[in-house]
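Asker: no sequence on this one, just coordinates:
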């Protein structure tokens, strides 16, 4: 995002709308710090500018900066996955779609949030740690998959490392027996992350609609607090063949 200084009247109304705090005063006019701007478009969509001084230049869609737009603007469609959002479609409807079947768990590692954001180097810290633990099963339909240069080492493409986004999700499906190893790895890498962190574990509910006790015991044994998430949209997903 840029500000036309010739048009800007210096009212500063746009500044509180920036989740990255990238808009500031310069010579009594608003300006955008391009290193901090996440290209989320929040300031523009707010319609708060009284003189239409905010402008999204074509460079926003040029690689690699386009990743900021795709990961941070909820109205944009990711060029790799063809859907809106940071992860895969219908990731919260497993009891309907059965994407993650019996004997497996789905893992979603979410990094970053509005006002904080996160650098893609934090993604690389996690993908490297996963690779060192022998886990290379990043979901192919997740945009992070296409950003990895070497799946054996977990290294991202070098041109991406200085980019920043509001948040990102690493998704994978692994056998239940690997859950504890992943949790142990995450405990080592979490202190290295320069942003907030959330871990999601997906599994089929048992017949009594209870979370499997073996999954909960592993989570608790590794010192993670957990709480059930009811966002399964039961009945609204498409059942897989």
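Answerer: Thanks, I have it. What you see is a predicted model; the values in this text were computed from it and never measured.
Asker: from the chain's centre, how far out does stretch 130-144 sit?
Answerer: 14 Å (CA atoms, centre = their mean, to the nearest Å).
Asker: repeat for stretch 198-206
Answerer: 17 Å.
Asker: tell me the buried residues in it?
Answerer: Of the residues in stretch 198-206, 200-204 count as buried by neighbour count, 16 or more other CB atoms under 10 Å. In this view, the C-beta of every residue, glycine as well, is placed from N, C-alpha and C.
Asker: so which of these are in strands?
Answerer: 200-202 (DSSP state E).
Asker: in terms of model confidence, name the weakest of those.
Answerer: For these, the weakest pLDDT value sits at residue 202, with 84.
Asker: quick one: it from residue 228, how far?
Answerer: Distance, residue 202 to residue 228, using CB to CB, to the nearest Å: 12 Å.
Asker: equivalent analysis for residue 151, please.
Answerer: Counting by CB to CB, the gap from residue 151 to residue 228 is 32 Å.
Asker: now the element after the helix or strand of the chain with the lowest mean pLDDT, going C-ward?
Answerer: The helix or strand of the chain with the lowest confidence, counting by mean pLDDT, DSSP states H and E, is helix 94-97 at a mean of 66. On the C-terminal side of helix 94-97, the nearest following helix or strand under DSSP states H and E is strand 104-111.
Asker: so what does that next one touch, helix or strand wise?
Answerer: helix 120-132, strand 168-175, helix 179-189, strand 197-202 (3 or more CB pairs under 8 Å, 6 or more residues apart in numbering; DSSP states H and E).
Asker: tell me the mean pLDDT for the first one?
Answerer: Averaged across helix 120-132, the pLDDT comes to 93.
Asker: which helices and strands sit right next to it?
Answerer: Looks like helix 120-132 contacts strand 104-111, helix 143-147, strand 155-156, strand 168-175, helix 179-189 (3+ CB pairs under 8 Å, 6+ apart).
Asker: dump those into TSV; add mean pLDDT, distance to residue 123 and mean neighbour count as well.
Answerer: Conversion of the helices and strands packed on helix 120-132 to TSV gives the following (pLDDT from 0 to 100; distance: least, CB to CB, whole Å; neighbours: other CB atoms under 10 Å):
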stretch	mean pLDDT	distance to residue 123	mean neighbour count
strand 104-111	89	7	21
helix 143-147	91	6	20
strand 155-156	96	6	18
strand 168-175	90	6	19
helix 179-189	92	11	16
